[in-house]
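**Q** Below are the sequence and a predicted model; questions follow.
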Amino acid sequence: MKQDSKYLLILAILCVFTFFINNEVILPDIMECRNIVTAREMVDSGNMFTPTMNGVSRLEKPPLPTWIAAVSYMISPDNLGLQRAMAGGAATLMVFAFYLFGALLTNNKRYAFISSIVLCTSYSLILMGRTATWDIYCHAFMMCAIYFILRGLLHKTFVWGNFSLAGIMLGLSLLGKGPVSFYALLLPAAITFLIMRTGTLRYKILPFITMILICALMGAIWPIGLHFNEAVNGLEAAISKESSSWINYNVRPWYYYWQFFLETGVWAVLTLVGFAVPYWMRKSRNFRTEYLFPLLWMVLVLVLLSCVPEKKPRYLLPILIPASFVSGYILDSWMNMLKARRFKTLDKTIFRIHSALIAVIVAAAPVLIFIMLVKAGHMSVIMWVLTTILLLIVVAIMVLATSKLSAKYLLSGIAILFVITEIFLMPYINYFANNIDRHSIRAVREMTELNDIPFKYSDTQEAAPRIEIVYEAGRQIRPVNLSDSAQVMQALPFALLTQDSIGTLIPENILSHCNVSFIDQFDDNQRPKTSRRHSKLFVYDLYLLTPKE
């Protein structure tokens, strides 16, 4: 128990740096804006069961992540750091459940701990744990569910409790993103359980059925709420639309995920070489559960995700779970080899390539930082010297790891590298990821003359503004027919957001009855004007229209 507490404490500290420190630096992406805008409108309208996004019904995804975002909004409106901290909490929950699962499955706590460090420092999980969207919640709760299912399968005591807790976690996952995690994480895990004959359901059928019922009842909370809000037809249409997008939207070839190992970041080499089954198979007496089990699980996740026509890199998040166990197995095996002094030549080569590659990249970082930040005047020389010293300490640790073939040094060096990155380098990511010359429409929140003034756009000549604009403006931006005199006069006064000339939008006979004041031009591009990714979709003029006396 003391060992568990020690490992969990270290993981908790690492998670603080990985998911929470300086988490508000990067501008929110489109998925975050959708979630936060929907949460904001939930709170403003007081309707938690019929979410809207910019005033339009938003029923495509179950509402649990948005409910969490709404709670954050009630605690501290427009606090992006708090919104992302909620996602970080879910990522931390995933890491803890992952450790407990690995320790229970293999009875090897060091292996579970090493694998958890790999998971905690994997690129895709860090990204999702710092992003206030849906993906992290459904998979975090599903990881908890899989852990409790394993407890129920392996233990003869507290069977009802384990399966009931699994049912609750399954229900939360269902409310998080529907059946996504059931397909991408639970199904391949269940198949692996069956193939590897992990645990038994003998004499446990009733608790297992109870788990399914609890999940179904929790999953029914939202549809029942929609029924009482008379929005069930909208839900059916949204489900049909979302299901259709899996087949027709963002379609990629079946081999699109061939680069899946890159989602693990610094562990990509280990993930890739982990497929050399004959070589790694007997590196441990417990290789069946420590290696073959997660390897099969990883392959099944990859195959199932590749079968879905719609593919995006962030959908690969579930594969990090078994992939981290595979890398953890290799690192744990290396520790055993070092202790027994039986490192083989190929093991030495793989280890040294992996650690030396990281050492070279970290050693080159101070030069790049000087060129891109110090010379540009974004970072002081003193801060650069401090950061360089810290990074060189990491390089020294990696060199020691390479020379001594120490997986312990390797793990420590990578963990320290991430801590340094989050504390000292994340505040400067703004100069790489964000447009520092951006003139955001967020400024209207401070304009007292626009308080209680509705925002509009022309529904006849322009598309609805992107959701990032709605998020930054802090209010709904609704359509108006500028050719309809009665509609315009009834809507006055209002602020008009447009990319066209005001004279081409509003007929002269209507314009003659309005006072028109130009407020400003706003550019919410995350890339500067010199970039090819700078888009006119984020550039708007804002006018204030009031009725003439």
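**A** Yes, it's here.
**Q** And the helices in the stretch 401-549 of the chain?
**A** Taking DSSP state H, counting those that start in this stretch as the criterion, the stretch 401-549 of the chain carries its helices at 407-420, 430-433, 467-473, 485-491, 502-505, 508-511.
**Q** and the ones you listed, which one is worst for confidence?
**A** Mean pLDDT values for the helices of the stretch 401-549 of the chain show the minimum at helix 430-433, a mean of 74.
**Q** And that helix, how far out from the chain middle?
**A** In this view, helix 430-433 has its centroid 19 Å away from the chain centroid, taken as Cα atoms, centre = their mean, to the nearest Å.
**Q** Please identify the most buried of the helices of the stretch 401-549 of the chain.
**A** For these, the largest average neighbour count (mean count of other Cβ atoms under 10 Å) is found in helix 467-473, namely a mean of 24. To be clear about C-beta, it is placed using only N, CA and C from the backbone, and glycine gets the same treatment.
**Q** Output the helix or strand encompassing L8 in PDB with nothing but the alpha carbons.
**A** Of the helices and strands defined by DSSP states H and E, L8 is found in helix 2-15. Output in PDB follows, covering the C-alpha atoms of helix 2-15 (Å, rounded to 0.1, in the frame of the first residue of the first chain):
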ATOM      1  CA  LYS A   2       2.900   2.300   0.800                       C
ATOM      2  CA  GLN A   3       4.300   1.700  -2.700                       C
ATOM      3  CA  ASP A   4       0.900   2.500  -4.300                       C
ATOM      4  CA  SER A   5       0.800   5.800  -2.300                       C
ATOM      5  CA  LYS A   6       4.300   6.700  -3.300                       C
ATOM      6  CA  TYR A   7       3.700   6.000  -7.000                       C
ATOM      7  CA  LEU A   8       0.300   7.700  -7.100                       C
ATOM      8  CA  LEU A   9       1.800  10.800  -5.400                       C
ATOM      9  CA  ILE A  10       4.600  11.000  -8.000                       C
ATOM     10  CA  LEU A  11       2.100  10.600 -10.800                       C
ATOM     11  CA  ALA A  12      -0.100  13.300  -9.200                       C
ATOM     12  CA  ILE A  13       2.800  15.800  -9.100                       C
ATOM     13  CA  LEU A  14       3.700  15.000 -12.700                       C
ATOM     14  CA  CYS A  15       0.100  15.400 -13.800                       C
END
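**Q** just to revisit the earlier point, K529: which of the helices of the stretch 401-549 of the chain is closest?
**A** K529 sits nearest to helix 430-433 of all the helices of the stretch 401-549 of the chain, at 16.0 Å, using Cβ to Cβ.
**Q** Now A473: closest residue in space, sequence neighbours ignored.
**A** I441 (5.1 Å; Cβ to Cβ, 6 or more residues apart in numbering).
**Q** shouldn't that neighbour be in contact with D524?
**A** Yes. The pair I441 and D524 qualifies as a contact (Cβ atoms under 8 Å) at a distance of 5.9 Å.
**Q** Nearest to L80, out of the helices of the stretch 401-549 of the chain?
**A** Closest to L80 of the helices of the stretch 401-549 of the chain, according to Cβ to Cβ: helix 467-473, at 9.8 Å.
**Q** name the helices or strands packed onto that closest one?
**A** If contacts are counted by 3 or more Cβ pairs under 8 Å, 6 or more residues apart in numbering; DSSP states H and E, helix 467-473 sits against helix 30-45.
**Q** Mind listing residues that contact the helix it packs on?
**A** 28, 48, 51-55, 58, 65-67, 69-70, 72-74, 77, 80, 83, 131-134, 466-468, 470-471, 474, 476 (Cβ atoms under 8 Å, 6 or more residues apart in numbering).
**Q** ok, and for that helix, which residues are buried?
**A** Going by neighbour count (16 or more other Cβ atoms under 10 Å), the buried part of helix 30-45 is 32-43.
**Q** do stretch 81-92 as well
**A** 82-92.
**Q** now the stretch 401-549 of the chain, which segments are flagged as low pLDDT?
**A** Scanning the stretch 401-549 of the chain for pLDDT under 70 picks out 433.
**Q** Over to the chain?
**A** Short version for the chain, where the test is pLDDT under 70: 1, 229-249, 433.
**Q** how does it divide up, domain by domain?
**A** 2-339, 343-433, 441-547 (automatic domain parsing).
**Q** Do me a favour and get the end-to-end distance for stretch 456-466?
**A** Terminal residues of stretch 456-466 are spaced 13 Å apart (Cα to Cα, to the nearest Å).
**Q** Repeat that for stretch 103-112.
**A** So stretch 103-112: terminal residues 5 Å apart, Cα to Cα.
**Q** Confirm that L201 sits in a helix.
**A** No. Using DSSP: H, G, I helix; E, B strand; the rest coil, the secondary structure at L201 is coil, not a helix.
**Q** Tell me the buried residues in the helix holding L8?
**A** In helix 2-15, counting by 16+ other Cβ under 10 Å, buried: 7-8, 11, 14-15.
**Q** picking that back up, from the structure, what's the count of residues near the residue nearest to A473?
**A** The local packing of I441 (other Cβ atoms under 10 Å) involves 27 other residues.
**Q** What residues does it make contact with?
**A** Counting by Cβ under 8 Å, 6+ apart, I441 touches 469, 472-473, 497, 522, 524, 540, 542.
**Q** Just give me the closest of the buried residues of helix 30-45 to P179.
**A** For the buried residues of helix 30-45, the closest approach to P179 (Cβ to Cβ) belongs to N35, at 19.2 Å.
**Q** Measure how buried the closest residue to L316 other than its chain neighbours is and give me the count.
**A** Counting by Cβ to Cβ, 6+ apart, L316 lies nearest to E263, which is 4.9 Å off, once chain neighbours are set aside. Other residues within reach of E263, judged by other Cβ under 10 Å, total 22.
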